[in-house]
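> A predicted structure for the sequence below; I have some questions about it.
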Amino acid sequence: MTESHQVHAVIPFRPVNPKTRLSAVMDQKEREAFARAMLGGDVVSVLLEAGCLPCILSTVPFEYPGVRTHIDERELNEALNAYLSLQETPVLVIMSDLPLTTPDAVKRIVSGTADVGIVPDGGVWGDKCSLYQNAAGISC
């Protein structure tokens, strides 16, 4: 990836009542603070360091300093499908809850040449990061 060819990276994010599976151990305010900490302190900073152009796809009005935000009030999968359908350049979809991701890991996936690159989550939930060279036909 060169400076003239920065990969757009979209981060699906639900700022209100996120991480509901943690509700037994964290109240809503704690989960919201936790989600924001992972988003900004980890994912956004890693993407910027890796040379990507991050965009937060949020379900409610939300701002993060220095990062473009796209608001779509639909459920995240539906909003993400709509966002991807508009993309004309390669796009990286990366989840907002990856505190252990590194710039090198991001650089590795965006330097791939396959039509689709997928980083599985290691469990049954799905993928944590996907690169689409042509995202317009993708459905999540």
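Right, received. Where do you want to start?
> only C-alpha atoms for contact and neighbour calcs from this point on.
Fine.
> Next one: residue 71 from residue 62, what distance?
Going from residue 71 to residue 62 by Cα to Cα, to the nearest Å gives 8 Å.
> try residue 43
16 Å.
> same thing with residue 23?
From residue 23 to residue 62 the distance is 22 Å (Cα to Cα).
> Same question for residue 47.
Taking Cα to Cα, one finds residue 47 at 19 Å from residue 62.
> again, but for residue 101
23 Å.
> Then residue 102?
25 Å.
> Please report phi then psi for the residue of the chain most remote from its centre.
Largest separation from the mean C-alpha position in the chain: residue 24, at 25.3 Å (Cα atoms, centre = their mean). The phi/psi pair for residue 24 (degrees, to the nearest 10) reads phi -70, psi -20.
> Any regions of the chain where pLDDT drops low?
1-5, 120-127, 136-140 (pLDDT under 70).
> Which residue ranges of it form strands?
8-13, 53-58, 68-71, 91-94, 116-120, 127-132 (DSSP state E).
> Direction included, what does the fourth one pair against?
Using DSSP bridges, strand 91-94 pairs in its sheet with strand 8-13 (parallel), strand 127-132 (antiparallel).
> Run the angle between the last one and strand 116-120 for me.
By that I understand strand 127-132. Taking axes from the mean of the first three to the mean of the last three Cα atoms, to 10 degrees, one finds strand 127-132 and strand 116-120 inclined to each other by 170 degrees.
> Convert the C-alpha atoms of strand 127-132 to CSV, please.
Extracted as CSV, the C-alpha positions of strand 127-132 are listed here (Å, rounded to 0.1, in the frame of the first residue of the first chain):
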residue,chain,number,x,y,z
ASP,A,127,-14.9,-12.8,10.7
LYS,A,128,-13.1,-9.9,12.4
CYS,A,129,-11.6,-8.3,9.3
SER,A,130,-12.3,-8.6,5.6
LEU,A,131,-10.7,-6.9,2.6
TYR,A,132,-12.8,-6.6,-0.6
